[in-house]
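*Asks:* Structure for this input, please:
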Amino acid sequence: MASTDTKTTDGRTGSADDDRQTASVEAGLDALETGVTGRTSFRQTFVGKILPPIVAVAVVLVVWQALVSFKIVDDPTKLPSPADVGGEFRDAWLEGRFFGYIWTSVSRGLLGFLLALAIGTPLGLLVARVKFVRAAIGPILSGLQSLPSVAWVPPAVIWLGLNNSMMYAVILLGAVPSIANGLVSGIDQVPPLFLRAGRTMGATGLKGAWHIVLPAALPGYLGGLKQGWAFSWRSLMAAEIIASSPDLGIGLGALLENGRNASSMSMVFEAIILILFVGIAIDLLIFSPLERRVLRGRGLLVKG
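*Replies:* Sure thing, here's the model as predicted:
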């Protein structure tokens, strides 16, 4: 079928088919831009986000109970039943120790992470923007990031003793390299055009770093923050397990070590579950909303 010729406003000749295709493309782009404007219903939220983890937890509990009930693992000192672990949670709750375990570790972890953030951010900017500094300490930061955090516990105990300062030192040594390297990676991915445009508008020095470099490097920086928190949390657990002391209180790491010393697998499982729960909760409450906001601000996530 022959296409019908039309004449454009600038005098060029086109076809009606081309006009229809252009209109179709524009309509598709408009649909992508508008996306889902209404609020997601509770049913959609429940089916898409709440139900899957509930099902996963239920499957784990069923398999766990089956291993115990069918005596596939018939030694309770190796694998306690879910009811035994639930009893540990109940006792901790009734005795008022439950939130104490969590708060002791979470307060240390968050404060240590904030200190690491205050140190790692300017350090990452310095490494990314000054070639001599990058050549001097860039490889050292990468090496420190790959070093197991548990390796810092013995020297920290020797240097600082069994106190909270030792805990924070281990957290900083574990988290600062990750935060700094994440920022360096994000800055390396900033298009040079952004930097040139910033300099043209007078955004140089600290002003350019604050208004141009950091916002443009935010996705990589946020990835470094998430990894920095993971290193902070793991470093703290290692410090609490190895350097336990009554003066330090009983955090989740110390609870895990107490369970090992008492040969109580129920207590060990209680500590592991709480450590896992805190890690997931911090990610869902802090980092996931930040990540969604950054992606949405860059048009990479439709608001719905």
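
*Asks:* shaky segments in the stretch 201-304 of the chain?
*Replies:* Low-confidence segments of the stretch 201-304 of the chain, defined by pLDDT under 70, span residues 203, 205-206, 300-304.

*Asks:* residue ranges of the helices in it, please?
*Replies:* Under the criterion DSSP state H, counting those that start in this stretch, the stretch 201-304 of the chain carries helices at the ranges 205-208, 214-216, 218-242, 252-261, 265-282, 288-297.

*Asks:* Next, format those as JSON lines and append distance to A156 and mean neighbour count.
*Replies:* Heads up, the C-betas are built off the backbone N, CA and C, glycines and all. As requested, these are exported to JSON lines (distance: least, Cβ to Cβ, whole Å; neighbours: other Cβ atoms under 10 Å):
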{"stretch": "helix 205-208", "distance to A156": "33", "mean neighbour count": "12"}
{"stretch": "helix 214-216", "distance to A156": "31", "mean neighbour count": "16"}
{"stretch": "helix 218-242", "distance to A156": "7", "mean neighbour count": "23"}
{"stretch": "helix 252-261", "distance to A156": "14", "mean neighbour count": "21"}
{"stretch": "helix 265-282", "distance to A156": "20", "mean neighbour count": "18"}
{"stretch": "helix 288-297", "distance to A156": "30", "mean neighbour count": "13"}
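
*Asks:* out of the ones you listed, which comes closest to I54?
*Replies:* Comparing the helices of the stretch 201-304 of the chain by their distance to I54 (Cβ to Cβ), the top pick is helix 265-282, with 13.5 Å.

*Asks:* Against F99, how distant is the residue most central in space within the chain?
*Replies:* For the chain, K226 is the residue whose C-alpha lies nearest the centre (Cα atoms, centre = their mean; 3.0 Å). Noted for K226: a distance of 25 Å to F99, by Cβ to Cβ, to the nearest Å.

*Asks:* How about S266?
*Replies:* In this view, S266 and F99 are 19 Å apart by Cβ to Cβ.

*Asks:* Nearest approach to A175 belongs to which of the helices of the stretch 201-304 of the chain?
*Replies:* helix 218-242 (4.2 Å).

*Asks:* Can you tell me which helices and strands the closest one packs against?
*Replies:* Here helix 218-242 touches helix 98-129, helix 153-160, helix 164-188, helix 252-261, helix 265-282, helix 288-297, going by 3 or more Cβ pairs under 8 Å, 6 or more residues apart in numbering; DSSP states H and E.

*Asks:* and of those helices, who's closest to A92?
*Replies:* Comparing those by Cβ to Cβ, helix 98-129 comes nearest, at 4.3 Å.

*Asks:* Which positions within the helix or strand that that closest one is followed by qualify as buried?
*Replies:* Downstream of helix 98-129, the next assigned helix or strand under DSSP states H and E is helix 131-146. Within helix 131-146, the residues scored as buried using 16 or more other Cβ atoms under 10 Å are I137, G138, L141, L144, Q145.

*Asks:* And stretch 90-106, by the same measure?
*Replies:* The neighbour-count check on stretch 90-106 (16+ other Cβ under 10 Å) flags A92, F98, Y101, I102, T104, S105, V106 as buried.
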